[in-house]
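K.L.:
okay, sequence plus prediction incoming.
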Amino acid sequence: MQRKNAGFTLIELMIVVAIIGILAAVAIPSYQGYVLKAQVNRAVGELSTYKTSFETQMSGSGSVTNNALGYTPSNLTTGDAATDIAVVNADGSGHIQVTMGGNAHPNLAGVLLKFVRSAGGTWQCEIDPSAAPRWSDVFSPDSCTVI
């Protein structure tokens with residue numbers, strides 16, 4: 001009885017390892033981009049929840065403090081409860097702003113996220129990535145303008 005050798009040759013194993021390496025080289029940067037975009041989207045979503053409280057305070061007392069907004073600092077931003085995130089101007093315009101940092105990806109540290117309110121009451125999302133040199137516009141939500 002003749003016995004057959006079974007298994008893979010060294011060349012076959014090297015080809016499989018090379019293919020896995022190529023796939024990883026393409027997939028890992030794509031994954032990192034998705035993580036960054038998800039973090040920006042989450043921070044923008046968290047910030048947008050304060051627009052309603054902002055409007056309520058504007059129509060009432062006009063004082064917009066973190067306490068009045070019900071602000072809870074996100075772990076993706078550098079904000080704290082002592083530093084107000086909202087500004088109201090005399091003409092009724094204003095903005096709500098946070099800076100990314102904290103547990104956010106290091107490439108997002110320093111990105112300013114801002115919801116700007118016009119005197120007419122319309123809101124616009126703006127992102128200022130000037131303090132984040134590794135920023136890419138693909139991280140920005142479609143609803144926001146990169147300035």
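P.N.:
Cool, got the structure.
K.L.:
can you tell me the centre-most residue of the protein?
P.N.:
residue 40 (1.1 Å; Cα atoms, centre = their mean).
K.L.:
and the pLDDT at that one?
P.N.:
Note on residue 40: pLDDT of 95.
K.L.:
which residues does it contact?
P.N.:
For residue 40, the contact set (Cβ atoms under 8 Å, 6 or more residues apart in numbering) comprises 100, 108, 111, 113, 127, 139, 140, 141. C-beta coordinates here come from the backbone N, C-alpha and C atoms, glycine included.
K.L.:
just how off-centre is the lengthiest helix in the chain within its chain?
P.N.:
Assignment by DSSP state H gives helix 10-48 as the longest helix of the chain. Remark: helix 10-48 is offset 17 Å from the chain centroid, using Cα atoms, centre = their mean, to the nearest Å.
K.L.:
contacting residues around stretch 120-132?
P.N.:
Contacts of stretch 120-132 (Cβ under 8 Å, 6+ apart): 40, 44, 48, 51, 55, 92, 99-100, 107-118, 135, 140-141, 143-147.
K.L.:
can you give me the distance of the residue nearest to the centre of the chain to residue 23?
P.N.:
26 Å (Cβ to Cβ, to the nearest Å).
K.L.:
re the thing from before, and the longest helix of the chain, which residues are buried?
P.N.:
Of the residues in helix 10-48, 36, 37, 39, 40, 41, 43, 44, 46, 47, 48 count as buried by neighbour count, 16 or more other Cβ atoms under 10 Å.
K.L.:
for residue 7, see how far away the fourth one is.
P.N.:
What that stands for is residue 40. For residue 40, the distance to residue 7 - Cβ to Cβ - is 49 Å.
K.L.:
before we move on, what about residue 84?
P.N.:
68 Å.
K.L.:
more neighbours: which of these two?
P.N.:
Under the neighbour definition other Cβ atoms under 10 Å, residue 84 and residue 7 were set side by side, and residue 84 has more, 17 against 6.
K.L.:
what residues are up against the more buried one?
P.N.:
Applying Cβ under 8 Å, 6+ apart, we find residue 84 in contact with 64, 65, 66.
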